[in-house]
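K.L.:
Here is the input, now give the coordinates:
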Amino acid sequence: MKRFITECRFLVVACGLVLLNVCATSAVNAQGAANNTKRWAIISTDEEGRALADLLTVELSAWKNVELLERERIRGLLAELQLNASRLVDAESATRFGQLSQADALALIDVRKEDDKTRVVRLRLVDTRTSIRLLDVLLPGEDLETQVGAIREELRDASATLDVPADQLRLIGLAPISSGEPGEFLRPFCKTLTALVEVGLQQNPQFVVVERSELQRLVAESDLTGLPLQLRASSRLLEATVRRANDGAGMLASCRLISGAGGELQKFDVLVASIEAIEMRQQLIAAIVRKMDSVGEEKKLSLEAEAKVFDRRATLFRNANQEKEAVEMAAAALALSPSKERLGAALNYLLSIANDNKDLHEGLEAGVRYQQLRVDWWAKTKPGDPIRSTLTGRPYYSHDVNIPWGRFRKPGDGPLIDAWFALSEQVYEQLYRDATGPRRLSLLKEKLSFSILRDKAGIAAVLAQIQQLIENEPIPLDSKSVAYADYARLLMSAAEVNHWRVRRQLLKGPGEPAIRLGDEDELAVWLAKLYANVLYSDDSDAALELLSFLDRWPPAMLGPSSESFPFPRTPQGDRLAREKLHTRSYFRFIRSKVLKRHPGIVVSYVEIVLQETEESGDATKLMRLGSIVYLLPIRIPADQQEQLSSRLFAAITSYTHSAHSHEVAKLTIFANRYAPREKKPEFTYAERKGPWRRYSKVPIKLSGGNLLSAFVDHRPDARQAGGDVVLVWSAGRGCQLERLDLASKTTRKIGPVIPRVGSDHYRHYQIAFGPEAVFVPLREGGFAMVRKDTAEVFTEKHGAPASDIWNMAWCNGRLYIGYTDAFASFDPKTKTFQLLASSASIEPTTPIDGRGGFFILHMFSDEANRCLWMFIQDNARSHERAGPWKFDLQTNTYQKLGGGHPIPTRTDGGLLLHNTSNRSVHYLDTKTAELTDLTEYASVMTGIQTPSATIKVGDHIIIKRGTLYTPDGEEHLLKPEAKWKLLQRAGHGFITHYDERSATLWYFKRNSTARVWDVRNSHLPELP
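P.N.:
Below is the predicted model of the structure:
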């Protein structure tokens, strides 16, 4: 249902008045004292609003000190003013009506249709002295009689302001409190805090919380006099952001009170030594009351009584199909006085929003908040607590909510999806700990389905967990057992086409809702166990056996008592299994998983399939296999390469099916890789010409494997830590760090296997080196602190202001981190974060703080000068922050050195800045912070785009294409056969690339007899 109010909760009492037709009755309450009696007019827009008008008439007739205007009197006044009820929307018209009728309050009723079946009733209470709304609530169009009690309490609370003299009122507009951290962690907290502050302010009758539009109306009027002028002088707009305190033990709110009369801007901070919203609400309201010189007394309510107010309002909103507003009310009630019912209400409202696919981004936000709420309350409760029973529902909402994952394209969806999966993992772990027996098996089945949604998840790890559960827990596994059937179907589902069907929905088209595990999937327990063992172990023989078994499936029918195939077989089950196992997507899925995990069996398996092709004449399977193996880094003995290549080309020649031309092309690439070719002479020193003769090529043999990246540690004590190059190796579903000493050519592993490193956005990333640890950004968000034998992961829940990391640098005992829209530091001793700059800051405190989005493209540590060199991209319209900066750590000051987006790289005594937009080259002296224009290089250096593409060694500039530039404007091409993907300065030379076939890292070392030239005065001492 289309939302009627986007940013208005009825706690934010304000907005224009829309109403038609008149329906009113009167009754005089003789029991009230004359001097306290308030005259009310109940006005409805049309006949559809009469039901509520009649209910209110009966209800208010019983109130003390309330007098109701007669129906005919209201009609006569409107006729005299030549108004219909709809004109009372206008503030001036409402004031004129109030003056003529001497009514103190207008209860206005409007009925609107959300769709053909849904009606929503809007009830507003207006103070005619000021034309300001004291109440604005949405009600369901049906069964209003059941809402009378809630409506009565809302009107009673709002009408307390009518007893306050108009000149003592304090008008305040409350912008939604926002997170001062760019990440997602504090957003639910801020939404709850906003609701708590609004209600808390209204407990003081002197305060009227209005919308920004109402304040703008007061400010815009130029000829105000009397009461309106006084109201404008007393009005304020509150803007606030909240972030975690630097010690990690409290919260800090940065606030601004903006005067409606154009007075002085009031800035203040509120620091609380707690992370609870209730504590922040209390001190924030106290500060606002002091700043606005209020003398009114706050209505004192217990936390439980106040929570019931939020319960009531949550129910009203929910009955009017306003789930977003209901969530905020329920969350506030839960914060005030937790209970099983309140937690359940908040979770149900969030689940309802997540299930509404009309706003996909909103649904995803609700899903993240849903999981976060469950994780938080698991941490707050202990086993046996009644609240915990509310947390044991389905651990995920993908199958319940039917979110079409493939349609997420809005900015910010990527981090939300990552957050949802990370939280869901925590939920599964907790559910599994609390469950026993068959319930655990059922949870693992759900977890496997969840893992299939995420290509990054560890399917094999789930299967291994299932295997362990079956072995350790007394779960009957006979042919008639439901648990046994679930187990067999579960294992089959891990190795079938659902993975790819769901993955296509996740990454590409709009598709359908996420797919459940099929109930008809039947495959041998033996096959599934073998699949789990293969992906979870290093047993190459088992891997080859599995692939051979798949090629033969299904075998001859065997009875249920057979040890090799204990699961009951049926012809229908065999047919379904055959259809699944031999589809193209399944073939690629299962074999790519196994072959990537066990590259040593690739040659053997290719020969098995090739022999089958030669015997049968059907090359379909071989073509499909070619689409997998052509990218795998495998080694074939030299004496087998030519023969294998010839056989492959023969099979390709005999296969002419046009529908598989892309598979043929990939297999051709694989075959051509090992075809006989003219051998080129080995690259020798004599072939180097000109300045290239000053370098020697040094091969460094490594242990082999999939090298993801390499980073040079430029700290003076790098070799003492184990080596001056850190290698990042792929290790199953994670990564392994290793130090390499270039001088001795020895390696040393660092810490255990860690989660996958880098960025989900496939951009360049940087790791940081401290004296005792290496800091590595993780693809799932946050970073790992890797020591000699340990590794710790730090994310938003540990105090980080965001998750998406661009760059990191270690300097003077702290880690400095450039996030998307934030800049922070981390103390590894106290394990606390300090936020230095944020795009969400409402009041900038530094030259890069606030002012919109930004990120630090490159960051270099300079411990000798106690500073950082940063290169910022400014996403704000002005782009005034874009360019190189110096951040002095001693004085905490920022110095901008220029504009644009130059590409920096380390060089002797400074940084080389190459600006591709204007083809300029500069040298930045890091001691003096001076820029020198290197015009002699600018004319020849064009087309260099990536940060790792350029290095400078003495007076030589070298790019990854193997081109060397000299100051005389000449270029010298080396023409390397391989791309220099790892080009970086290292020691007295540079590393270039890693050859996977030979497991060799190539290092170019500058000869000791070669002179190194300074770019400014053309002389430097020779290298040692």
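
K.L.:
Can you tell me how far Tyr432 is from Lys1005?
P.N.:
54 Å (Cβ to Cβ, to the nearest Å). To be clear about C-beta, it is placed using only N, CA and C from the backbone, and glycine gets the same treatment.

K.L.:
which residues sit in contact with the closest residue to Pro902 other than its chain neighbours?
P.N.:
With sequence-adjacent residues excluded and distances taken as Cβ to Cβ, 6 or more residues apart in numbering, Pro902 is closest to Leu913, at 3.8 Å. Residues in contact with Leu913 (Cβ atoms under 8 Å, 6 or more residues apart in numbering) are Pro884, Pro902, Ile903, Pro904, Val921, His922, Tyr923, Leu924, Leu931.

K.L.:
ok, 10 Å please
P.N.:
Residues counted as contacts of Leu913 (Cβ atoms under 10 Å, 6 or more residues apart in numbering) are 858, 869, 871, 883-884, 897-898, 900-905, 907, 920-924, 931-932, 934, 950.

K.L.:
Quick check: the gap between Ser841 and Phe887.
P.N.:
Counting by Cβ to Cβ, the gap from Ser841 to Phe887 is 17 Å.

K.L.:
So which of the two has more stuff around it?
P.N.:
Phe887 (26 against 19; other Cβ atoms under 10 Å).

K.L.:
quick one: which helix or strand includes the more buried one?
P.N.:
Here Phe887, judged by DSSP states H and E, is contained in strand 883-888.

K.L.:
So what are the sheet partners of the helix or strand just after that strand and their directions?
P.N.:
Under the assignment DSSP H and E, the closest C-terminal helix or strand after strand 883-888 is strand 893-896. Counting by DSSP bridges, the strands paired with strand 893-896 are strand 883-888 (antiparallel).

K.L.:
what's the offset of the strand it pairs with from the middle of its chain?
P.N.:
Strand 883-888 has its C-alpha centroid displaced from the chain centroid by 28 Å (Cα atoms, centre = their mean, to the nearest Å).

K.L.:
Quick check: phi and psi on Val726?
P.N.:
Main-chain dihedrals, Val726, degrees, to the nearest 10: phi -110, psi 120.

K.L.:
excluding its backbone neighbours, what's nearest it?
P.N.:
Phe711 (4.9 Å).

K.L.:
same check, this time on Ser101
P.N.:
Leu77 is the one closest to Ser101 (Cβ to Cβ, 6+ apart), at 5.1 Å.

K.L.:
what residues are up against the one you found?
P.N.:
Counting by Cβ under 10 Å, 6+ apart, Leu77 has contacts Val22, Ala41, Leu69, Leu83, Arg96, Phe97, Gly98, Leu100, Ser101, Gln102, Ala103.

K.L.:
Let me know the closest of those residues to Ser616.
P.N.:
Val22 (88.7 Å; Cβ to Cβ).

K.L.:
Run the chain-centre distance for the helix or strand hosting the residue nearest to Pro902.
P.N.:
Using DSSP H and E, Leu913 sits within strand 910-915. Distance, stretch centre to chain centre, for strand 910-915: 33 Å (Cα atoms, centre = their mean).

K.L.:
Could you spell out the sheet neighbours of whatever helix or strand comes next after that strand, each with its direction?
P.N.:
Downstream of strand 910-915, the next assigned helix or strand under DSSP H and E is strand 920-925. Next to strand 920-925 in the sheet, as set by DSSP bridges, lie strand 910-915 (antiparallel), strand 930-933 (antiparallel).

K.L.:
Just say which of those is most tucked in.
P.N.:
strand 910-915 (a mean of 23; mean count of other Cβ atoms under 10 Å).

K.L.:
Pro205 touches Ser159, doesn't it?
P.N.:
Yes. Using Cβ atoms under 10 Å, Pro205 makes contact with Ser159 at a distance of 9.4 Å.

K.L.:
between these two, what contacts are shared?
P.N.:
Leu134.

K.L.:
As a check, name the ranges of all strands in the stretch 801-950 of the chain.
P.N.:
Counting by DSSP state E, counting those that start in this stretch, one finds strands in the stretch 801-950 of the chain at the ranges 805-811, 814-819, 822-827, 832-838, 854-862, 867-874, 883-888, 893-896, 903-907, 910-915, 920-925, 930-933, 950-953.

K.L.:
Let's have those in TSV, adding distance to Ala53.
P.N.:
Formatted as TSV, these follow (distance: least, Cβ to Cβ, whole Å):
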stretch	distance to Ala53
strand 805-811	59
strand 814-819	55
strand 822-827	53
strand 832-838	50
strand 854-862	54
strand 867-874	56
strand 883-888	64
strand 893-896	62
strand 903-907	70
strand 910-915	71
strand 920-925	75
strand 930-933	75
strand 950-953	76
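
K.L.:
what sits against the closest residue to Gln766 other than its chain neighbours?
P.N.:
Beyond its immediate neighbours in the sequence, the residue positioned closest to Gln766 (Cβ to Cβ, 6+ apart) is Asn807, lying 4.8 Å away. Residues near Asn807 by Cβ under 10 Å, 6+ apart: 764-768, 777, 816-819, 823, 855-860, 868, 870-871.

K.L.:
Now do Asn807 against Tyr816, distance only.
P.N.:
9 Å.

K.L.:
what touches both of those two?
P.N.:
With Cβ under 10 Å, 6+ apart, Asn807 and Tyr816 have common neighbours Ala768, Phe823, Ile856, Met859, Leu868, Met870.

K.L.:
Which one (most neighbours) among those?
P.N.:
Neighbour-wise, the shared contacts of Asn807 and Tyr816 (other Cβ under 10 Å) top out at Phe823, 29 neighbours.

K.L.:
Next, the contact list for the residue lying closest to that residue once chain neighbours are set aside, please.
P.N.:
Spatially, and ignoring its direct neighbours in sequence, Phe823 is nearest to Ala837 (4.2 Å; Cβ to Cβ, 6+ apart). Residues counted as contacts of Ala837 (Cβ under 10 Å, 6+ apart) are 801, 818-819, 821-824, 844-851, 854, 856, 872, 881, 887, 894.

K.L.:
Buried subset of those residues as a PyMOL selection?
P.N.:
Only the buried members of the contacts of Ala837 end up in this PyMOL selection, burial being decided by 16 or more other Cβ atoms under 10 Å:
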select buried, resi 801+818+819+821+822+823+824+847+848+849+850+851+854+856+872+881+887+894
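
K.L.:
Next, the contact list for Leu343, please.
P.N.:
330-331, 333-334, 373-374, 376-377, 381, 386-391.

K.L.:
Then Thr747?
P.N.:
Contacts of Thr747 by Cβ under 10 Å, 6+ apart are Ile700, Leu702, Ser703, Gly722, Gly723, Val725, Leu727, Glu738, Arg739, Leu740, Asp741.

K.L.:
Give the rounded mean pLDDT of whichever helix or strand it is part of.
P.N.:
According to DSSP H and E, Thr747 maps onto strand 746-755. Averaged across strand 746-755, the pLDDT comes to 91.

K.L.:
Settle this for me: Leu193 is touching Met280, isn't it.
P.N.:
Yes. Using Cβ under 10 Å, Leu193 is in contact with Met280, at 6.0 Å.

K.L.:
Find residues that contact each of the two.
P.N.:
Ile177, Ala240, Val242, Met251, Ala253.

K.L.:
Dump those residues to a markdown table, plus neighbour count, pLDDT and distance to Thr747.
P.N.:
Listed next are the shared contacts of Leu193 and Met280 as a markdown table, based on neighbours: other Cβ atoms under 10 Å; pLDDT from 0 to 100; distance: Cβ to Cβ, whole Å:
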| residue | neighbour count | pLDDT | distance to Thr747 |
| --- | --- | --- | --- |
| Ile177 | 26 | 93 | 51 |
| Ala240 | 26 | 94 | 52 |
| Val242 | 25 | 95 | 47 |
| Met251 | 24 | 94 | 46 |
| Ala253 | 23 | 95 | 50 |
